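Novice: mind folding the following:
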Amino acid sequence: MTISQIAFLKGHGTENDFVIVPDPDNAIDLPASLVAGLCDRRAGIGADGVLHVVRSAAHPEARALADEAEWFMDYRNADGSVAEMCGNGVRVFARYLQHVGAVEEGDLAVATRGGVKKVHLAKNGDVTVSMGRALLPGDGVTVTVGGRTWDTRNVNMGNPHAIAFVDDLAHAGDLFSEPSFAPAAVYPDGVNIEFVVDRGPRHVAMRVHERGSGETRSCGTGACAVAVAAARRDAADPAETGVPVTYTVDLPGGTLVITERPDGEIEMTGAAVIVAEGVIDPAWLEALRG
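Specialist: The predicted structure is shown next:
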């Protein structure tokens with residue numbers, strides 16, 4: 001398959017939107033420049049990232065997972081950089097597989113750089129992803145925006161997150177550029193930064209700057225990290241109590257429901273929608289390639 005033959009779909013999960021590139025045999029080269037061009041909201045299709053759909057057996061980073069999951073989500077940020085995981089992306093990825101008849105309603109497994117994720121496609125249209133367990137490294141950073149500085153909680157969901165609890169989400173600024181944080185050595189490869197306010201008992205709202213993408217309308221791994229950070233702040237740890245804890249997380253693009261179970265497994269539930277499909281214009285691709 002050559003670059004001039006690229007088909008695509010567009011989908012979103014709570015308005016975290018993606019260009020979907022079907023490529024079962026891993027035959028399409030996706031350099032960072034091409035990914036960034038596809039995600040450009042003025043000159044391209046526009047998205048927060050690209051979901052490259054590949055059979056696990058066909059991708060060198062996923063072959064070892066092929067016995068557990070037939071499909072690999074080769075996820076790229078909007079700037080073309082490679083990412084370990086994207087929670088909303090997994091839901092949209094699963095919805096795409098259902099859309100084309102590769103899977104049916106029910107359970108499936110999706111391979112990611114953050115491990116194999118179990119997914120459930122429900123009858124009502126919601127998609128639930130088992131996101132794995134959160135890691136809580138002891139070292140955090142301070143984040144500064146507009147003269148305000150906050151301590152953060154370091155939570156890793158297969159990708160790194162720094163969570164700041166604030167009084168007003170407007171204090172996060174415009175989030176066009178990455179907020180400054182220190183010490184930089186805690187996150188040598190960058191970090192997703194969440195700003196969080198309380199809305200009620202076990203109910204929070206957040207904004208996020210995703211590394212490589214800027215502010216996005218939603219971030220699934222970020223919502224999971226926020227729920228875990230809020231639970232620990234609220235002295236709720238299912239591993240100690242034996243009782244699951246659920247938080248509702250409002251994002252600019254919608255609402256996600258996050259449940260942490262006593263075994264540490266975190267489940268995220270929300271909508272996922274396919275909105276369009278087509279073929280990328282070959283002349284545009286050639287111009288992008290220069």
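Novice: CA atoms for contacts and neighbours, from now on please.
Specialist: OK.
Novice: which residues in this protein form helices?
Specialist: 32-39, 87-99, 220-233, 238-241, 282-289 (DSSP state H).
Novice: tell me how this structure divides into domains.
Specialist: Domains of the chain are assigned by automatic domain parsing as 3-125+273-289, 142-270.
Novice: wait, which of those domains is closest to residue 136?
Specialist: Nearest of the domains of the chain to residue 136, taken as C-alpha to C-alpha: domain 142-270 at 4.9 Å.
Novice: quick one: end-to-end distance for that closest one.
Specialist: Terminal residues of domain 142-270 are spaced 31 Å apart (C-alpha to C-alpha, to the nearest Å).
Novice: now stretch 173-180
Specialist: Counting by C-alpha to C-alpha, you get 12 Å between the two ends of stretch 173-180.
Novice: rank the helices and strands of this structure by mean pLDDT and give me the bottom one.
Specialist: Least confident helix or strand, the chain: helix 282-289 with a mean of 83, by mean pLDDT, DSSP states H and E.
Novice: out of the domains of the chain, nearest to residue 134?
Specialist: Closest approach to residue 134 among those (C-alpha to C-alpha): domain 142-270, 5.1 Å.
Novice: mean confidence for that closest one?
Specialist: Across domain 142-270, the average pLDDT comes to 96.
Novice: do stretch 30-42 as well
Specialist: In this model, stretch 30-42 carries a mean pLDDT of 94.
Novice: would you mind writing the CA trace of it as PDB?
Specialist: What follows is stretch 30-42, C-alpha atoms only, in PDB (Å, rounded to 0.1, in the frame of the first residue of the first chain):
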ATOM      1  CA  LEU A  30       3.300   7.300   9.200                       C
ATOM      2  CA  PRO A  31       6.200   9.700   9.800                       C
ATOM      3  CA  ALA A  32       5.600  12.400  12.400                       C
ATOM      4  CA  SER A  33       5.200  15.100   9.700                       C
ATOM      5  CA  LEU A  34       2.300  13.100   8.100                       C
ATOM      6  CA  VAL A  35       0.600  12.600  11.500                       C
ATOM      7  CA  ALA A  36       0.900  16.300  12.300                       C
ATOM      8  CA  GLY A  37      -0.500  17.200   8.900                       C
ATOM      9  CA  LEU A  38      -3.500  14.900   9.400                       C
ATOM     10  CA  CYS A  39      -4.200  16.400  12.800                       C
ATOM     11  CA  ASP A  40      -3.800  20.000  11.700                       C
ATOM     12  CA  ARG A  41      -7.200  21.600  12.400                       C
ATOM     13  CA  ARG A  42      -6.900  24.200   9.600                       C
END
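Novice: surely residue 217 touches residue 18?
Specialist: No - in this structure, residue 217 is not within contact of residue 18 by C-alpha atoms under 8 Å, at 11.7 Å.
Novice: do you know the pLDDT at residue 1?
Specialist: Residue 1 carries a pLDDT value of 44.
Novice: among the domains of the chain, which is nearest residue 133?
Specialist: Closest approach to residue 133 among the domains of the chain is made by domain 142-270 (4.9 Å; C-alpha to C-alpha).
Novice: roughly how far is that closest one from the heart of the chain?
Specialist: Chain-centre distance of domain 142-270: 12 Å, with C-alpha atoms, centre = their mean, to the nearest Å.
Novice: picking up where we left off before, chain center to the least confident helix or strand of the chain, what's the gap?
Specialist: Relative to its parent chain, helix 282-289 has a centroid offset of 28 Å by C-alpha atoms, centre = their mean.
Novice: quick check: closest non-adjacent residue to residue 34.
Specialist: Closest residue in space to residue 34, ignoring its immediate chain neighbours: residue 288 at 7.0 Å, by C-alpha to C-alpha, 6 or more residues apart in numbering.
Novice: show me what counts as buried in stretch 60-71.
Specialist: 62-63, 65-66, 69-71 (16 or more other C-alpha atoms under 10 Å).
Novice: same thing with stretch 193-207?
Specialist: Buried, per 16+ other C-alpha under 10 Å, within stretch 193-207: 193-198, 203-207.
Novice: again, but for stretch 271-281
Specialist: By 16+ other C-alpha under 10 Å, the buried positions in stretch 271-281 come out as 271-274, 280.
Novice: low-confidence stretches in the stretch 1-150 of the chain?
Specialist: Along the stretch 1-150 of the chain, segments meeting pLDDT under 70 span 1-4.
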